[in-house]
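[1] When you get a sec, could you give me coordinates for this:
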Amino acid sequence: MMGVCLVLFVLAWSVVRLWSVPAAVAMCVVAMVIPPVAAVVGNRREPGERWWDECGDPESDRWWRELDDRDDQQRRQQ
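    I've put the predicted structure just below:
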């Protein structure tokens, strides 16, 4: 993804600006937006993932399992 951003930026100001400055600016805006969008998409999680909560504490893990079981039971009742 970073390579695409660099290619867009370099092409915008070395080639495209000779024909159209607004097009070059638009290409740079697209190159500017790609990294944050890629970070958000790459850091998504599934609703059931709890990997960030794992601390190795047995009591905490038991507590999370209990909460997950309650959520599952409530969903089944609905």
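
[2] Tell me where this protein is predicted with low confidence.
    Low-confidence segments of the chain, defined by pLDDT under 70: 47-56, 70-78.

[3] just the helices in it please.
    Per DSSP state H, the chain carries helices over the ranges 2-14, 21-42, 58-77.

[4] what's the first-to-last distance across stretch 46-66?
    Terminal residues of stretch 46-66 lie 19 Å apart, using CA to CA, to the nearest Å.

[5] From D68, how far out is C5?
    According to CB to CB, to the nearest Å, C5 and D68 sit 39 Å apart. For glycine as for every other residue, the C-beta is placed from the backbone atoms N, C-alpha and C.

[6] between the two, who's got more neighbours?
    Using other CB atoms under 10 Å as the criterion, C5 and D68 rank with C5 on top: 17 against 12.

[7] Once you drop chain neighbours, what's closest to that one?
    A31 (4.3 Å; CB to CB, 6 or more residues apart in numbering).

[8] can you count the residues close to that neighbour?
    By the measure other CB under 10 Å, the count of residues near A31 is 19.

[9] That one reaches L8, doesn't it?
    Yes: the criterion here is CB atoms under 8 Å, and A31 meets it with L8 at 4.0 Å.

[10] list the contacts for V25?
    Contact analysis of V25 by CB atoms under 8 Å, 6 or more residues apart in numbering lists A12.

[11] can you pull the contacts of the nearest residue to P35 once chain neighbours are set aside?
    Nearest residue to P35, sequence neighbours excluded (CB to CB, 6+ apart): C5, at 6.3 Å. Neighbouring residues of C5 by CB under 8 Å, 6+ apart: A31, M32, I34, P35.

[12] which of the residues you listed are buried?
    Among the contacts of C5, those buried by neighbour count (16 or more other CB atoms under 10 Å) are A31.

[13] Pipe the contacts of C5 into TSV and attach distance to R62 per row.
    Converted to TSV, these look like this (distance: CB to CB, whole Å):
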residue	distance to R62
A31	48
M32	46
I34	42
P35	40
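
[14] Of all residues in this structure, which one is nearest the centre?
    Residue closest to the mean C-alpha point of the chain, counted by CA atoms, centre = their mean, is V40 at 1.8 Å.

[15] Good, we can wrap up now.
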